[in-house]
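In: Quick one, structure for this:
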Amino acid sequence: MSDIVNNVIAEDRFGFEEVIWLLLFGSLPTKSQLDSFCDILARCRELPEEFIEDMIMKAPSPNIMNKLSRSVLALYSYDNNPDDTSVENVLRQCINIIAQLPAIMVYSYQVKRRHYYRKSMYIHPTKPDHRTAETILNSIRPNKVFTDKEAKLLDTCLMVHAEHGGGNNSTFATRVLTSSGTDTYAAIAAGIGSLKGPKHGGANIKVSEMIDHFHEGVTDISNEGQVADFLRKIIRKEAGDGSGLVYGMGHAVYTLSDPRAKILKAKAKEFSANTDFEKEFILLDLIERLTPEIFAEVKGSSKAMCANVDLYSGLIYKMLNIPPDLFTPIFTVARVAGWSAHRIEEILTGGKIIRPAYKNINEVKKYVSIDKR
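Out: Residues are numbered from 1 along each chain as shown. Below is the predicted model of the structure:
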């Protein structure tokens, strides 16, 4: 992933659609294939007639992730062939969902703004020549104004988040449901439900909340000593949300470094330089550098620890004026490409239902009659 992301950045172009192609078809597209694929995605972005009003506007949700899941399930009813699990049909369904999810996300947010925040709702038509990142920024900004540099920064985030193997919770959930023979909409909705969790995709929101705690509890967030002292309090469950967790640090697979975090850190540093966000970048850098040694000091643990992709993604979204309500949904818009690829792979190579074995470790108890309990 680092190879394709870094080359796309070096060539100063959009790359998310190319990553989608790679995940779905297993090879990099030619220029003509990529152009045709972008045209297909643009044509597929339009939601079914009356879908926005009937499925989104009439049932506002306080959490956009739940709305995404419900809306994807609802798309089943608008599909003339929803239960066909042939690869050709599943590919059609996945491409439609990939194309439509950004619009569902933005409409869901606009309805939340109106219903819960009592703010104006604005809906902008999409432009067929826009890539996914441009479509998102065009939709969420009241004046539809954004720079090419901003769009390509968001495009980098989408590329980085698109795929992360089959073992992560949401992708595994998608594969488990796929193995049962269920429809595409049910399988993708399961991935969304998993990604909502604060231990998974919702971790970027937890990082943002943790930064707020630092602002409240530290006089100077760029002071190494003060940051270190507050980290000790967080780990001892004396500060933060009381969980003892330093969000954005540690990963189940990566120990030395998360390549996705390195890419986003470089972008965060570049875009925050000489802006109001520079101090927050310095704080994140201090958290990344200090946490492993302080965690070892407080916990007496020698466990290797590195920053994960969530540590810097929230800052990038802030710099792009993306509201916190959309932090995890944007992750979803990217990751649905990976879920789709894994669903197709499971259909092609699986064949058996995934059923992990469990062993009950509770003590065996004898039945006691109801009058003696």
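
In: buried ones in stretch 152-166?
Out: Of all the residues in stretch 152-166, those buried under the rule 16 or more other C-beta atoms under 10 Å are 152-164. C-beta here means a position set from N, CA and C on the backbone, and glycine is covered the same way.

In: need those residues in a markdown table with secondary structure, distance to residue 237 and pLDDT, can you?
Out: Shown next, in a markdown table, are these (DSSP: H, G, I helix; E, B strand; the rest coil; distance: C-beta to C-beta, whole Å; pLDDT from 0 to 100):
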| residue | secondary structure | distance to residue 237 | pLDDT |
| --- | --- | --- | --- |
| 152 | helix | 40 | 98 |
| 153 | helix | 35 | 97 |
| 154 | helix | 35 | 98 |
| 155 | helix | 39 | 98 |
| 156 | helix | 35 | 97 |
| 157 | helix | 31 | 96 |
| 158 | helix | 35 | 97 |
| 159 | helix | 36 | 97 |
| 160 | helix | 31 | 95 |
| 161 | helix | 30 | 95 |
| 162 | coil | 35 | 96 |
| 163 | coil | 34 | 94 |
| 164 | coil | 29 | 87 |
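
In: Widest-spaced pair of those residues?
Out: Spatial extent of these (C-beta to C-beta) is set by the pair 152 and 164 at 21.5 Å.

In: Can you tell me which of the buried residues of stretch 152-166 is nearest residue 97?
Out: Residue 97 has its nearest neighbour among those in residue 162, at 13.9 Å by C-beta to C-beta.

In: is it true that that closest one touches residue 331?
Out: No: here residue 162 does not reach residue 331: they are 9.8 Å apart, not a contact under C-beta atoms under 8 Å.

In: list the buried ones in stretch 263-277?
Out: 263, 264, 265, 267, 268, 269, 271, 272, 277.

In: The second one sits in which helix or strand?
Out: When you say that, I think you mean residue 264. Element membership for residue 264 (DSSP states H and E) is helix 259-272.

In: which helices and strands sit right next to that helix?
Out: Using 3 or more C-beta pairs under 8 Å, 6 or more residues apart in numbering; DSSP states H and E, the elements in contact with helix 259-272 are helix 2-10, helix 148-161, helix 278-299, helix 310-319.

In: to the chain's geometric centre, what's the distance from that helix?
Out: On the basis of C-alpha atoms, centre = their mean, to the nearest Å, helix 259-272 sits 17 Å off its chain's mean C-alpha point.

In: 49 is where my numbering starts, stick with that
Out: Yes, from this point I'll number from 49; that puts the last item at helix 307-320.

In: Just the mean pLDDT for it, thanks.
Out: The predicted model assigns helix 307-320 a mean pLDDT of 93.

In: what inclination does that helix have with respect to helix 326-347?
Out: Relative orientation of helix 307-320 versus helix 326-347 (axes from the mean of the first three to the mean of the last three C-alpha atoms, to 10 degrees): 140 degrees.

In: now helix 307-320 against helix 196-209, angle please.
Out: Interaxial angle of helix 307-320 relative to helix 196-209 (the same axes, to 10 degrees): 160 degrees.

In: what sits against residue 111?
Out: By C-beta atoms under 8 Å, 6 or more residues apart in numbering, residue 111 lies in contact with residue 244.

In: For it, report the pLDDT, please.
Out: pLDDT, residue 111: 96.

In: Backbone dihedrals for it, both of them.
Out: phi -130, psi 120 (degrees, to the nearest 10).

In: do the same with the one 10 residues further on
Out: The phi and psi torsions at residue 121 (degrees, to the nearest 10) take the values phi -60, psi -40.

In: So it sits against residue 238, correct?
Out: No: distance between residue 121 and residue 238: 9.9 Å, which falls outside the contact criterion (C-beta under 8 Å).

In: Same drill for those two, tell me which one is more crowded.
Out: Set side by side, residue 121 and residue 238 show more neighbours around residue 238, with 23 against 17, by other C-beta atoms under 10 Å.

In: how close does the residue nearest to the spatial centre of the chain sit to residue 363?
Out: Of all residues in the chain, the one closest to the mean position by C-alpha atoms, centre = their mean is residue 379, 1.9 Å from it. Using C-beta to C-beta, to the nearest Å, we find residue 379 at a distance of 14 Å from residue 363.

In: And for residue 320?
Out: Counting by C-beta to C-beta, the separation of residue 320 from residue 363 is 7 Å.

In: Could you tell me how far the lengthiest helix in the chain lies from the centre of the chain?
Out: Using DSSP state H, we find that the single longest helix of the chain is helix 135-164. Remark: helix 135-164 is offset 14 Å from the chain centroid, using C-alpha atoms, centre = their mean.

In: Of the buried residues of stretch 200-214, just say which sits nearest to residue 184.
Out: For these, the nearest to residue 184 is residue 202 (6.5 Å; C-beta to C-beta).

In: so residue 235 touches residue 390, yeah?
Out: No: the pair residue 235 and residue 390 fails to qualify as a contact (C-beta under 8 Å) at a distance of 9.3 Å.

In: Could you tell me which residues touch both of these two?
Out: Going by C-beta under 8 Å, 6+ apart, residues that sit against residue 235 and also against residue 390 are 222, 226.

In: between these two, who's got more neighbours?
Out: A side-by-side neighbour count of residue 235 and residue 390, using other C-beta under 10 Å, places residue 235 first with 29 against 22.

In: and the more buried one, how far is that from residue 338?
Out: As judged by C-beta to C-beta, residue 235 and residue 338 stand 41 Å apart.

In: And for residue 143?
Out: Applying C-beta to C-beta, the value for residue 143 to residue 338 is 44 Å.

In: Show the contacting residues for residue 219.
Out: Neighbour list for residue 219: 212, 213, 239, 383, 386, 387, 390 [criterion: C-beta under 8 Å, 6+ apart].
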